[in-house]
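Asker: Structure, please.
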Amino acid sequence: MYTNKDIWNVTYPIFLGLLAQNVINVTDTAFLGHVGEVALGASAMGGLLYICFYTVAFGFSVGSQILIARRNGEGNYHSIGPIMWQGSAFSLGMAVALLLLMFVSAGPLIRLLISSDTIYEATYEFYTWRMWGFIFSFLNVMFRALYIGITRTKVLTWSAIVMAAVNVFLDYALIFGHFGLPAMGVKGAALASVIAEGSCLLFYLIYTYTCVDLKKYGLNRFGSFDWEMVMHILRISCFTMLQYFLAMAIWFVFFMALERLGQRQLAIANIVRSVYVVLLIPVQALSTTANSLVSNLIGSGGVAKVMALLNKIARMSIYIMIVAVGLCVLFPDALLSVYTAETALLDESRISLYVICLAMLISASANIYFNGISGTGNTQAALILEIVVQVFYALYVIVVGMILQAPVEICFTTEIVYYALMLSCSLIYLKKAKWQNKKI
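Answerer: Numbering: from 1, shown residues only. You can find the predicted model right below:
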């Protein structure tokens, strides 16, 4: 059974990595918040559209991570390399195909989703630069899956620091035109993110070649493309791919509803969403740990200890989130002033922040148990659960955001509904369903 120290040793590098990685989100929002509401709204819509497609690759990598962790738990190390390389080849193919598709469909797609001409033009400008990041980010998630699966997570911290440092420097230089570089505004934010992702991939390649026992993990050979291996990964990951895509697609629907309320509401939502993403980092880190350790534990024959492990990780998550939410409630203006100096915008964002804080307290345990389901290899069950929750979420967004056109703080109560349903459904599944004998 894993101790608190074991859990933390896996979690803290993931946490630091996610923290550094989300500097991209925070710096983009903070810098563009000083450019104007249109730029802020465009980065929100363009960024969410990018993430919707990115999550497909991320879902594929989660399936790969589950397989890698299971082989690692079994001590079958030489089988890890083929999963990694074949998965990477398929992921790169997806990136190229998606990039080609976006060349011809990005304009009509964005026009379909956004009603304001001003925000449409800025979003299109942002996205046509941002989409080049698919080439790098689709491979980065496979390296992330490798290192989480073998519980060698410290490298994630260093890779994210590289990416964050490059992004912060280039955001400042390219958005505002410093160091002899052109002032590109919203395009500069997109280009900075793409170059940062490319820097992260370069770091992963150098680190893997110089610091990892390639022979031990079967990483020293690629061989020909193996459809059988890819299909084996897809049998697990196809459900997580759809699950993550649906989760982000619903977020996009949420922002579509707010975009129709006006530029001001969209700007408030983007600021609060940026804080929300940062608050979620410790929960995401512990959820990733839960996924990996559950798969490792089952691989080593510890099925009976899975629920005890999840309960232990959930307690850690709740304690951390109570502290984080407490700081947000005590010092909301200090947090929100990172994104804007406008007093009215600060005042209008504060109530939405309090709503998100309540949702985060529920998410602290909901995400842990939900990711525990995926860690068992029952990704189909996780997808079904996600769909059930998303149906209620979507209906709530449509009624509150589009029909009633409620204020943004009321719209954010959707997150409370979402996490409450996720927690309830996950606990019911783990206690009642037969998941203990899943073979992958």
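
Asker: what packs against the host helix or strand of residue 358?
Answerer: Element membership for residue 358 (DSSP states H and E) is helix 343-375. Here helix 343-375 touches helix 37-74, helix 263-279, helix 281-299, helix 306-330, helix 332-336, helix 379-397, helix 408-411, helix 414-432, going by 3 or more Cβ pairs under 8 Å, 6 or more residues apart in numbering; DSSP states H and E. Where C-beta positions appear, they are placed from N, C-alpha and C, glycine not excepted.

Asker: a markdown table please, covering these and showing distance to residue 211 and mean neighbour count.
Answerer: Formatted as a markdown table, those follow (distance: least, Cβ to Cβ, whole Å; neighbours: other Cβ atoms under 10 Å):
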| stretch | distance to residue 211 | mean neighbour count |
| --- | --- | --- |
| helix 37-74 | 17 | 25 |
| helix 263-279 | 30 | 23 |
| helix 281-299 | 20 | 25 |
| helix 306-330 | 28 | 17 |
| helix 332-336 | 37 | 17 |
| helix 379-397 | 31 | 19 |
| helix 408-411 | 46 | 20 |
| helix 414-432 | 37 | 18 |
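
Asker: which stretches of the chain aren't confidently modelled?
Answerer: Applying pLDDT under 70 to the chain flags the ranges 1, 13, 16-23, 25, 33-34, 252, 256, 258-262, 340-341, 435-440.

Asker: Next, the residue lying farthest from the centre of it: secondary structure please.
Answerer: Distance from the centre of the chain peaks at residue 180, with 33.6 Å (Cα atoms, centre = their mean). Secondary structure, DSSP: H, G, I helix; E, B strand; the rest coil: residue 180 is coil.

Asker: do the one 3 residues further on as well
Answerer: Taking three-state DSSP as the rule, one finds residue 183 in the coil state.

Asker: For residue 189, see how far away it is.
Answerer: Distance of residue 183 to residue 189, computed by Cβ to Cβ, to the nearest Å: 12 Å.

Asker: okay, the two: which has more neighbours?
Answerer: Neighbours were counted for residue 183 and for residue 189 using other Cβ atoms under 10 Å; residue 189 has more, 29 against 13.

Asker: is it true that the more buried one touches residue 172?
Answerer: No - counting by Cβ atoms under 8 Å, residue 189 stays clear of residue 172, with 10.4 Å between them.

Asker: any shared contact partners between the two?
Answerer: Common contacts of residue 189 and residue 172 (Cβ atoms under 8 Å, 6 or more residues apart in numbering): residue 31.

Asker: Tell me which of the helices and strands packed on helix 343-375 lies nearest to residue 242.
Answerer: helix 379-397 (5.8 Å; Cβ to Cβ).

Asker: Now do the closest one: which elements does it pack against?
Answerer: Secondary-structure packing of helix 379-397 (3+ Cβ pairs under 8 Å, 6+ apart): helix 227-259, helix 343-375, helix 414-432.

Asker: residues in contact with the most centrally placed residue in the chain?
Answerer: By Cα atoms, centre = their mean, the chain has its centre lying nearest to residue 55, at 7.1 Å. Each residue near residue 55 by Cβ under 8 Å, 6+ apart is listed here: 241, 244, 245, 247, 248.

Asker: didn't the fourth one look like it was pressed against residue 390?
Answerer: Yes - here residue 247 lies in contact with residue 390, judged by Cβ under 8 Å, at a distance of 7.1 Å.

Asker: Please determine how far the nearest residue to residue 324 once chain neighbours are set aside is located from residue 113.
Answerer: Among residues not flanking residue 324 along the chain, residue 279 sits closest, at 5.7 Å (Cβ to Cβ, 6 or more residues apart in numbering). Distance, residue 279 to residue 113, using Cβ to Cβ: 27 Å.

Asker: now do residue 238
Answerer: 25 Å.

Asker: Residue 321 now?
Answerer: 32 Å.

Asker: Can you give me the buried ones in the helix holding residue 358?
Answerer: Neighbour-count burial for helix 343-375 flags 345-346, 348-353, 355-375 (criterion: 16 or more other Cβ atoms under 10 Å).

Asker: same check, this time on stretch 228-237
Answerer: Neighbour-count burial for stretch 228-237 [16+ other Cβ under 10 Å]: 229, 230, 232, 233, 234, 236, 237.

Asker: For it, which outside residues touch it?
Answerer: 59-64, 66-67, 82-83, 86-87, 89-90, 377, 379, 440.

Asker: hmm, try it at 7 Å
Answerer: Residues from elsewhere that reach stretch 228-237 (Cβ atoms under 7 Å, 6 or more residues apart in numbering): 59-60, 62-64, 66-67, 82-83, 86-87, 90, 377, 379, 440.

Asker: now, among those, which is nearest to residue 142?
Answerer: For those, the nearest to residue 142 is residue 87 (5.5 Å; Cβ to Cβ).

Asker: close enough to count as contact, that closest one and residue 142?
Answerer: Yes - Residue 87 lies in contact with residue 142 (Cβ atoms under 7 Å); the separation is 5.5 Å.

Asker: list the contacts for the residue lying closest to residue 374 once chain neighbours are set aside?
Answerer: Leaving aside its sequence neighbours, residue 374 sits nearest to residue 382 (Cβ to Cβ, 6+ apart; 4.7 Å). For residue 382, the contact set (Cβ under 7 Å, 6+ apart) comprises 239, 243, 370, 373, 374.

Asker: Return the distance of residue 382 relative to residue 244.
Answerer: 10 Å.

Asker: With residue 407 instead?
Answerer: According to Cβ to Cβ, residue 407 and residue 244 sit 29 Å apart.

Asker: These two - which one has more neighbours?
Answerer: More crowded of residue 407 and residue 244, by other Cβ under 10 Å: residue 244, with 24 against 15.

Asker: you'd agree the more buried one is up against residue 61?
Answerer: No - assessed by Cβ under 7 Å, residue 244 is found out of contact with residue 61, at 9.8 Å.

Asker: one step back: in space, what's closest to the residue nearest to the centre of the chain - neighbours in sequence excluded?
Answerer: Residue 55 sits nearest to residue 244 (Cβ to Cβ, 6+ apart), 3.8 Å away.

Asker: so what's that neighbour up against?
Answerer: Counting by Cβ under 7 Å, 6+ apart, the residues that residue 244 touches are 55, 58, 59.

Asker: Residue 243 versus the first one, what's the distance?
Answerer: Read that as residue 55. Applying Cβ to Cβ to residue 55 and residue 243 gives a distance of 9 Å.

Asker: Quick check: neighbours shared by these two?
Answerer: By Cβ under 7 Å, 6+ apart, residue 55 and residue 243 have no common neighbours.

Asker: Tell me the span between the first and last residue of stretch 330-349.
Answerer: The straight-line separation of the ends of stretch 330-349 (Cα to Cα, to the nearest Å) is 15 Å.

Asker: Report the distance from that stretch to the chain centre.
Answerer: 25 Å (Cα atoms, centre = their mean, to the nearest Å).

Asker: Alright, calling it a day.
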